[in-house]
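A.B. asks: Give me the fold of what follows.
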Amino acid sequence: MSHPEPDTALDHAIWRALQASLAARGERRLVLLEGNRESNLRWLSGLLPELDIQTGVWTGPADQSPDSRLTGIIPTEARKWLGREVSVIVWDGWQGNPPDAFAALSGALTAGGLLFWLMPPLDEWRRFADPDYPRTGLDHGGEHPFAARMADILADHEAVIRISPGRAETPSLTIPQIPKQSFRIETTPDQEQLIQRLVRFGQGRRRRPLVVTADRGRGKSAALGMAAAELLKKGRQEIVVTAPSKQNVDTLFRHARDALSDQLDEASAGTLTTRSGARLRYVPVQELLASRPEAEVILVDEAAALPAPLLKSILLGWPRVAFATTVHGYEGAGRGFAIRFRQVLEQSTPHWQAATLTEPVRWARGDPLETLITQLFLLAADGSGSAVETENSAGELVIEPWQPATASDKALSNAFGLLVDAHYRTSPADLRQWLDDIAARSWRARIGERTVGILWCALEGGLSAELAEQVSLGTRRVRGHLLPQSLASHSGYPEAAALKALRVVRIAVSDDARRSGIGRSLVEAARAYSAEQGVDYLGTSFGGSADLLAFWQNCGLRVVRVGLQQEASSGEYPLQMIQGISRPGRELEGRIRKRLAGHWLTLVPDNWSGLDTDTLAEITAELPPGLALDADDFRELRNFANGHRGFQITVPVLRKLSQTPGAMAGLRGHADRALWCRCVLQGAPWSSLQAEKLCLGQRDGEDRLRQLVRDLLKDGPGL
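C.D. replies: Modelled structure (predicted):
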């Protein structure tokens, strides 16, 4: 780190020499402009025109850009620059500092690049009113441990050049020595090996999926693109690429297009066609699974951002599938993907292969700025570090309240790493929210000094009766209070927002300590806290899956709402579950569940036809029972079971049967439970059921359903 004297810093030749030196070394630097914003902008306006700027971006107001060559962007649009290259970034921190965007944009900076960051002096960061705080409810006027932690790191880091116009007696700017062999951006040996492996995979035996993991900036997408081009040259006719969004594959297509340049007949943003008719095209995930196009090879980029059920469907749906994902990146989720998806691979395709990229492409190994960004945002936070056996790792399980903001950086990194491993899209923004939210409450599970579990909750609700009524009517919306507002507006009960709630934001247990009751013990600690503090109900909201549903049921929570729209991040329907703690909380739980049960059979076919059948069956079994079957219902069921009544006219009573106590529980483990859910509850057509291999056709399907009814009438408890 250096503190150049402003007059010396204005020596443009020195800054140009710094750029040249960094480019030759393959390094980048952060220039922290502390203090008065106007003074710093004037300083930049004098310096930037003298620098070599191939491409640059500016995140402040468009009319205040310090150099006309800079492209103005909105910070929250930083992801659009992933895969692109810039030589200068000017980040106006006075306009706000969303962590995900800052971390993402830094990855676009190439060797020799400078990231100028306009901010208050470091000693003011703890109380700086960041304009980005109101967006996430952090404008509470108190201290901000996340910013304070960053300031401590920046104060002494080798990647940081601190500039304070007007400051006297500061050391001069240091120019790193230029090496004998200059850094060049070129295909790395890592990439070459991966391209060869991808080509062998694409031409090789079926059911040998390849899983590629890499830190960001390693050229993963570029390698996928070059390999796809090589496969088309070698005779593959149809290669499909999919990803969470089309923007994720821009780099892949750019490199494929360059590699195929002399053979292309047609090229568009999402399709490349060669003169021989071979084609590489992008297909969104949902469309891919719905249309199931013929393809010899499927490439899935940024796979960690997709839910495991969708990845499994892709894995089993085509003969050759390669998955690639970022392990340490602003998106988080990479290692969580590796842990969870490995189980699917082992079960379904035990001959799967793994490949990694470690060598950076745009900058040299050991680049100080990459080290800094990784440290600032805990991009390499590793929960497995807590699993290392040490002399302090023996002892009994301890569940205790925990303050992440006051923990050591090592303990914080281990704890945050557990959250990254366990959840999709755990990002730097989540880290800031965890440290800065005054409503956050956390618990840690430890054995000795080893962290084996983390629970992060948030206090919500407690709105005034008037505001709660407005929320339930949809005329008002307040920041935060996710669960109470959702229940009040969708379920129609104002008291859901008026009562006090403790919402589980994240829960994670180390991989080697799972299925030992640690998660339940953490939830029990939160429940005890709720009872002591007068909280009315404990709740959670998550992308619904059968295993998570079972976990929360075992913790005593019950389903009160299923979202109508699938989550973009997980592809799953949101489930909301609560457990009443106080008497009003228990009454609310009962009323909402009774109402949901009354609407369930009507809502399912129209709104949740895509809900996983295991999840659907377990929710149906858990909800309060519907109307009891009468004599006429039993007569119709017997007639259907014995082949004397058609399926279509029996559907109403079959659905009624589904809500009879014990009916869905009686189907648990039955081979045709999925058929019942898809056909009876979700109303799927026979053609779909046949395509899903749930039956051979209508006659076979009806025969199976008749047998199910016979079994339920004979053995079903509570009918």
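A.B. asks: where along the stretch 451-600 of the chain do the strands fall?
C.D. replies: 500-509, 537-543, 558-562, 574-580 (DSSP state E, counting those that start in this stretch).
A.B. asks: Counting neighbours, show which residues of the longest one come out buried.
C.D. replies: By neighbour count on 16 or more other CB atoms under 10 Å, the buried set for strand 500-509 is K500, A501, L502, R503, V504, V505, R506, I507, A508, V509. All C-beta atoms are positioned from the backbone trio N, CA, C, and that covers glycine.
A.B. asks: Show me which pair in the residues you listed is furthest apart.
C.D. replies: Farthest pair in the buried residues of strand 500-509 (CB to CB) is K500 and V509. Separation: 26.8 Å.
A.B. asks: Low-confidence stretches in this protein?
C.D. replies: The chain contains residues with pLDDT under 70 at 1-10, 82-83, 166-172, 328-340, 384-394, 424-425, 568-571, 716-719.
A.B. asks: could you redo the buried residues of strand 500-509 as CSV and give each row distance to E50?
C.D. replies: As requested, the buried residues of strand 500-509 are exported to CSV (distance: CB to CB, whole Å):
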residue, distance to E50
K500, 59
A501, 57
L502, 56
R503, 53
V504, 54
V505, 48
R506, 47
I507, 53
A508, 49
V509, 55
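A.B. asks: Can you spell out the domain ranges of the protein, please?
C.D. replies: As assigned by automatic domain parsing, the chain contains the domains 6-163, 190-357, 383-600, 625-715.
A.B. asks: Give me the distance from the shortest one to the chain's centre.
C.D. replies: Looking back up the chat, that one is domain 625-715. 37 Å (CA atoms, centre = their mean, to the nearest Å).
A.B. asks: May I have the distance across it, first residue to last?
C.D. replies: 18 Å (CA to CA, to the nearest Å).
A.B. asks: Report the contact partners of the closest residue to L48 other than its chain neighbours.
C.D. replies: Closest residue in space to L48, ignoring its immediate chain neighbours: D67 at 3.9 Å, by CB to CB, 6 or more residues apart in numbering. Contact partners of D67, counting by CB atoms under 8 Å, 6 or more residues apart in numbering, are L44, S45, L48, P49, I53, G56, W58, V90.
A.B. asks: Mind giving me the ChimeraX select for these, buried ones only?
C.D. replies: To isolate the buried ones among these in ChimeraX, judged by 16+ other CB under 10 Å, type:
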select :44,48,53,56,58,90
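A.B. asks: Hmm, L616 and V604 touching each other?
C.D. replies: Yes - between V604 and L616 a contact is recorded at 7.1 Å, counting by CB atoms under 8 Å.
A.B. asks: Settle it for me: which of those two has more neighbours?
C.D. replies: Using other CB atoms under 10 Å as the criterion, V604 and L616 rank with L616 on top: 28 against 22.
A.B. asks: Apart from its neighbours in sequence, what residue is nearest that one?
C.D. replies: Distance criterion CB to CB, 6+ apart; nearest residue to L616, sequence neighbours excluded, is C677 at 4.9 Å.
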